[in-house]
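Asks: next input, structure requested:
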Amino acid sequence: MSTPPTLPVTNQPPPQSQPPINTPAVRTFFSRLSTSIRDGLSQRRPWAELVDRSSMARPESLTDALSRIRKNLAYFKVNYAAVVSLVLAFSLFSHPLSLLVLLALLSAWMFLYLFRPSDQPLVVFGRTFSDWETLIALALSTIVVVFMTSVGSLLTSALMVGVAIVCVHGAFVVPDDLFLDDQEPANAGLLSFLGGSATSAASAVAARV
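Replies: Residues are numbered from 1 along each chain as shown. Here you go, the predicted model:
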């Protein structure tokens with residue numbers, strides 16, 4: 001009795017699923033953002049100099065106050081940005097629901113648009129959305145969250161408080177001519193701090209559009 005012929009069996013590897021987000025883009029973005037923040041913070045002025053009471057005096061006029069604010073803003077620019085950021089953080093942590101809504105909105109932008117692989121369409125409830133449809137939906141969601149919920153008013157009030165603190169401090173600190181020579185490095189550090197993260201985000205959006 002003859003045995004039936006044996007058919008060759010090929011073990012094919014299972015198809016590899018593509019990750020839901022573009023991991024290299026995420027790593028590059030956060031690496032650049034971290035580097036920019038470190039470079040910017042390295043240009044900050046000593047905090048003891050910021051609260052030195054011996055350098056504070058009442059401005060003689062509105063013109064004098066505006067001149068002091070302009071000069072101190074150029075000198076303490078990174079410190080002032082940190083103060084405004086702390087005010088924003090305190091306001092958001094004081095309102096956990098607004099913080100969660102804002103984090104959900106940022107996560108949607110990151111994972112549904114910015115860092116999603118361009119060759120992987122967004123599918124929700126069996127419907128496929130193009131990049132333009134996703135962008136429009138996220139933009140409308142941002143408008144609703146910022147202008148039609150308490151998140152927008154919370155951010156606006158926190159920014160106003162932060163700017164008021166900066167203006168009051170800048171108006172009462174007497175600028176010293178000695179620190180004006182150091183203006184250029186501080187400005188360069190701040191531009192690197194802001195420009196690095198802005199460039200990273202802009203390149204991610206440009207790559208999709």
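Asks: show me what stretch 49-60 is in contact with.
Replies: Contacting residues not belonging to stretch 49-60 are listed as 65, 68, 76, 79, 169, 171-174, 176 [Cβ atoms under 8 Å, 6 or more residues apart in numbering]. For the C-beta atoms, the positions are set from N, CA and C on the backbone; glycine is no exception.
Asks: may I have that stretch as PDB, with CA atoms only?
Replies: Only the C-alpha atoms of stretch 49-60 are listed here, as PDB (Å, rounded to 0.1, in the frame of the first residue of the first chain):
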ATOM      1  CA  GLU A  49      18.300  88.800  41.100                       C
ATOM      2  CA  LEU A  50      14.700  88.700  40.200                       C
ATOM      3  CA  VAL A  51      13.500  89.300  43.800                       C
ATOM      4  CA  ASP A  52      16.300  91.600  44.900                       C
ATOM      5  CA  ARG A  53      14.400  94.300  46.800                       C
ATOM      6  CA  SER A  54      17.400  96.700  46.700                       C
ATOM      7  CA  SER A  55      16.900  97.200  42.900                       C
ATOM      8  CA  MET A  56      13.200  98.000  43.200                       C
ATOM      9  CA  ALA A  57      11.800 101.600  43.300                       C
ATOM     10  CA  ARG A  58       8.500 103.200  42.400                       C
ATOM     11  CA  PRO A  59       8.400 104.500  38.800                       C
ATOM     12  CA  GLU A  60       8.300 108.300  38.500                       C
END
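Asks: could you list the low-pLDDT ranges of the chain?
Replies: Within the chain, the stretches with pLDDT under 70 are 1-27, 29-30, 33, 40-42, 118-119, 121, 177-209.
Asks: ok, back up a step: farthest pair within the contacts of stretch 49-60?
Replies: A65 and N79 (18.8 Å; Cβ to Cβ).
Asks: among the two, which residue is more densely surrounded?
Replies: Each of A65 and N79 has its neighbours counted (other Cβ atoms under 10 Å); N79 has more, 21 against 17.
Asks: so what does S91 have for phi and psi?
Replies: phi -60, psi -40 (degrees, to the nearest 10).
Asks: now V123
Replies: Per degrees, to the nearest 10, the backbone of V123 is at phi -120, psi 120.
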